[in-house]
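Trainee: for reference, the sequence and a predicted model appear below.
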Amino acid sequence: MNYRRLSPPQIFLLFALSMVILGTILLKIPISTEKPLGWLDAWFMAISALTCTGLVTVDVGTTFTTFGQIILLLLAQIGGVGIMAFAALFFIFLGKRLSLKDRLVLNFSLNQVTFGNITALIKNLLLYVLTIECIGAIILFIHWQPQLPSGDALYLSIFHSVSSFNNAGLSLWPDSMMRHFNDPVLNIITTILVIIGGLGFTVLFDLREKKNFKKLTLHSKIMITGTFLLIVFGMVVIFLLEFQSAKSLDALALKDKMWTSYFQSVSLRSAGFNTIDIGALQESTLFFMCLLMFVGAGSTSTGGGIKVTTFTVILFAVIAFLRGKKQVHLFHRSIDPSFVTKCLAIASISLSFVALGVFFLTMVEEEPFLICLFEVMSAFGTVGLSANLTYHLSSWGTFIIGIMMFIGKVGPLTLLFSISQNEERSINYPKEDILIG
């Protein structure tokens with residue numbers, strides 16, 4: 001691979017764009033579809049799969065042939081594991097050696113702060129992914145096999161296991177998983193796959209090596225604790241808000257209400273599946289879900305959002321400020337002030353992109369502001385939940401949501417770094433305080 005003067009962010013962005021173009025072409029060819037598919041829809045579905053979002057403008061089960069569905073699944077697998085990681089594996093299998101520039105790009109795309117054996121890391125990553133997906137598929141196959149022909153059960157199991165682990169949110173049923181809202185096996189297996197994929201492979205590797213929470217890295221501790229608390233908090237709030245809503249949980253038995261609330265809370269981590277009609281939820285619930293979708297999953301995971309670690313650092317930085325402390329502490333560790341600044345930058349830039357997305361979407365769609373906000377937040381967080389708007393988007397609306405999904409996947413900082421010059425200046429200016437608040 002010869003990248004000449006391109007920076008790692010530029011190379012990563014170039015590969016991502018190339019995969020979108022390739023995916024669009026593969027989904028547009030006749031062998032991929034049961035009925036004609038427009039270029040815009042093919043482009044949108046390619047981005048949705050590659051970014052592991054799951055928003056759809058057409059029904060996956062009836063629009064695409066088995067070949068087309070496999071293309072979508074491969075795009076989701078590539079997007080979930082990492083675009084550059086798959087590119088590197090391709091060259092490794094061809095017997096090519098990775099150059100120093102290749103390793104720098106991989107370190108950037110996998111968000112690694114240390115320069116270790118990146119080749120071994122990628123191989124272990126792929127092994128973990130395939131193992132977990134196979135286990136999920138086997139359990140789902142055993143569950144579905146008595147109800148369906150063996151071939152259909154196997155295909156459904158593999159498709160939904162891969163889609164769940166990669167937080168892709170793609171389903172072969174037109175109502176996502178609403179028909180299975182009271183299926184405990186599907187609820188448990190799907191959410192476990194979503195959570196594992198959302199934690200990130202660095203956490204999985206850390207757990208394999210340490211096997212003791214106290215010995216885990218600070219990142220792993222934040223991810224595990226933060227994910228658990230967000231899921232529980234989300235479940236409780238959704239349950240309370242929708243408990244007596246006639247359009248959602250009111251008619252369900254208590255255990256089904258709890259299963260549904262739990263499933264949707266997990267799905268907000270970046271999964272995109274739903275066991276209840278999202279468009280029928282109350283406005284307060286939709287707004288609350290927007291907040292959780294913005295947080296997203298973990299760094300180096302299959303999910304999107306600003307990441308649990310970013311949100312946690314900002315939250316504790318605010319708490320430290322209110323307590324009059326100059327240092328942010330987490331699990332008896334200090335957070336570098338420059339890292340706090342980076343987290344604030346990520347959140348601020350992300351909010352700016354979301355604001356722009358909502359602004360443009362409200363210009364082209366005659367929908368309530370909250371519905372537009374929900375769709376944009378879902379796209380940017382690569383969550384894939386829809387308040388029944390994506391199916392009815394105009395051409396411009398489809399384009400806007402597609403761009404938001406892409407930005408959410410590659411990351412706002414990656415996008416900005418790819419077009420910046422990154423010139424270092426050694427000029428220091430005098431310090432002076434200003435009035436704030």
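Mentor: It's in. A quick note: this is a predicted structure, and the numbers were derived from the prediction, not measured.
Trainee: contacts only, for the residue nearest in space to the middle of the chain.
Mentor: A centroid search over the chain (Cα atoms, centre = their mean) returns Gly303, at 2.4 Å, as the residue closest to the centre. Going by Cβ atoms under 8 Å, 6 or more residues apart in numbering, Gly303 touches Cys52, Asn167, Gly197, Gly198, Arg269, Ser270, Ala271, Gly296, Ala297, Thr382. In this view, the C-beta of every residue, glycine as well, is placed from N, C-alpha and C.
Trainee: show me the helices in the stretch 201-350 of the chain, by range?
Mentor: Using DSSP state H, counting those that start in this stretch, the helices of the stretch 201-350 of the chain run over 201-210, 218-242, 254-267, 283-295, 308-322, 337-364.
Trainee: flag every buried residue along the fifth one.
Mentor: So the one you mean is helix 308-322. By 16 or more other Cβ atoms under 10 Å, the buried positions in helix 308-322 come out as Val308, Thr309, Thr310, Phe311, Thr312, Val313, Ile314, Phe316, Ala317, Ala320.
Trainee: tell me the one among the residues you listed nearest to Ile122.
Mentor: Thr309 (22.0 Å; Cβ to Cβ).
Trainee: excluding chain neighbours, what is closest to that closest one?
Mentor: Using Cβ to Cβ, 6 or more residues apart in numbering and skipping the chain neighbours, the partner closest in space to Thr309 is Ile222 (5.2 Å).
Trainee: ok, so of the buried residues of helix 308-322, who is nearest Trp259?
Mentor: Of all these, Val308 has the smallest distance to Trp259: 23.5 Å, by Cβ to Cβ.
Trainee: isn't that closest one right up against Phe228?
Mentor: No: counting by Cβ atoms under 8 Å, Val308 does not reach Phe228; the two are 10.2 Å apart.
Trainee: about what we covered before: with distance to Val354 as added columns, please give the buried residues of helix 308-322 in CSV.
Mentor: Below are the buried residues of helix 308-322 laid out as CSV (distance: Cβ to Cβ, whole Å):
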residue, distance to Val354
Val308, 18
Thr309, 19
Thr310, 14
Phe311, 14
Thr312, 20
Val313, 19
Ile314, 16
Phe316, 23
Ala317, 21
Ala320, 26
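Trainee: could I get the residues you listed as CSV with distance to Cys290 and pLDDT?
Mentor: Shown next, in CSV, are the buried residues of helix 308-322 (distance: Cβ to Cβ, whole Å; pLDDT from 0 to 100):
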residue, distance to Cys290, pLDDT
Val308, 16, 90
Thr309, 20, 90
Thr310, 17, 90
Phe311, 14, 92
Thr312, 19, 93
Val313, 21, 93
Ile314, 17, 93
Phe316, 22, 93
Ala317, 22, 93
Ala320, 26, 92
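Trainee: just give me the closest of those to His332.
Mentor: Distance to His332 across these (Cβ to Cβ) is lowest for Phe316, with 12.7 Å.
Trainee: report the contact partners of the closest one.
Mentor: Phe316 neighbours (Cβ under 8 Å, 6+ apart): Val328, His329, Leu330, Ile335.
Trainee: and of the helices of the stretch 201-350 of the chain, who's closest to Gln69?
Mentor: Closest approach to Gln69 among the helices of the stretch 201-350 of the chain is made by helix 254-267 (20.9 Å; Cβ to Cβ).
Trainee: what's the angle from the closest one to helix 283-295?
Mentor: Interaxial angle of helix 254-267 relative to helix 283-295 (axes from the mean of the first three to the mean of the last three Cα atoms, to 10 degrees): 40 degrees.
Trainee: list the helices and strands helix 254-267 packs on?
Mentor: Helix 254-267 sits against helix 184-199, helix 218-242, with contacts defined as 3 or more Cβ pairs under 8 Å, 6 or more residues apart in numbering; DSSP states H and E.
Trainee: need the winner for burial among those.
Mentor: A comparison of these by mean neighbour count, using mean count of other Cβ atoms under 10 Å, puts helix 184-199 on top with a mean of 22.
Trainee: quick revisit: please name the nearest non-neighbouring residue to the residue nearest to the centre of the chain.
Mentor: Take Gly303 and drop its neighbours on the chain: the residue closest to it by Cβ to Cβ, 6+ apart is Ala297, 2.5 Å away.
Trainee: distance check, that neighbour against Ser267.
Mentor: With distances taken as Cβ to Cβ, to the nearest Å, Ala297 is found 11 Å from Ser267.
Trainee: I'd like the helices and strands packed on helix 254-267 as TSV, with mean pLDDT and distance to Leu373 appended.
Mentor: Listed next are those as TSV, based on pLDDT from 0 to 100; distance: least, Cβ to Cβ, whole Å:
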stretch	mean pLDDT	distance to Leu373
helix 184-199	92	23
helix 218-242	93	17
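Trainee: mind putting those helices in CSV, distance to Gly151 included?
Mentor: What follows is these, written out as CSV (distance: least, Cβ to Cβ, whole Å):
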stretch, distance to Gly151
helix 184-199, 19
helix 218-242, 35
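Trainee: and these: which comes nearest Leu254?
Mentor: helix 218-242 (9.9 Å).
Trainee: where does the stretch 51-200 of the chain dip in pLDDT?
Mentor: Along the stretch 51-200 of the chain, the parts satisfying pLDDT under 70 run over 83-121.
Trainee: and the helices in it, which stretches?
Mentor: 60-63, 66-81, 83-93, 100-109, 118-144, 150-165, 184-199.
Trainee: adding distance to Leu292, write the ones you listed out as TSV.
Mentor: Compiled in TSV, the helices of the stretch 51-200 of the chain are given as follows (distance: least, Cβ to Cβ, whole Å):
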stretch	distance to Leu292
helix 60-63	25
helix 66-81	20
helix 83-93	26
helix 100-109	26
helix 118-144	24
helix 150-165	18
helix 184-199	12
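Trainee: closest one to Ser350 among the ones you listed?
Mentor: Ser350 lies closest to helix 184-199 among the helices of the stretch 51-200 of the chain, at 17.5 Å (Cβ to Cβ).
Trainee: the closest residue to Leu172 other than its chain neighbours and Gly68, how far apart?
Mentor: Once flanking residues are discounted, Leu172 sits nearest to Gly61: 4.2 Å by Cβ to Cβ, 6+ apart. Remark: distance between Gly61 and Gly68 (Cβ to Cβ) = 11 Å.
Trainee: so for these two, which residue has more residues nearby?
Mentor: Gly68 (23 against 14; other Cβ atoms under 10 Å).
Trainee: I figured that one hits Lys35, correct?
Mentor: No: using Cβ under 8 Å, Gly68 is not in contact with Lys35; the gap is 10.9 Å.
Trainee: okay, now the unreliable bits of the stretch 251-400 of the chain?
Mentor: 300, 302.
Trainee: ok, now with 50
Mentor: Scanning the stretch 251-400 of the chain for pLDDT under 50 picks out no residues.
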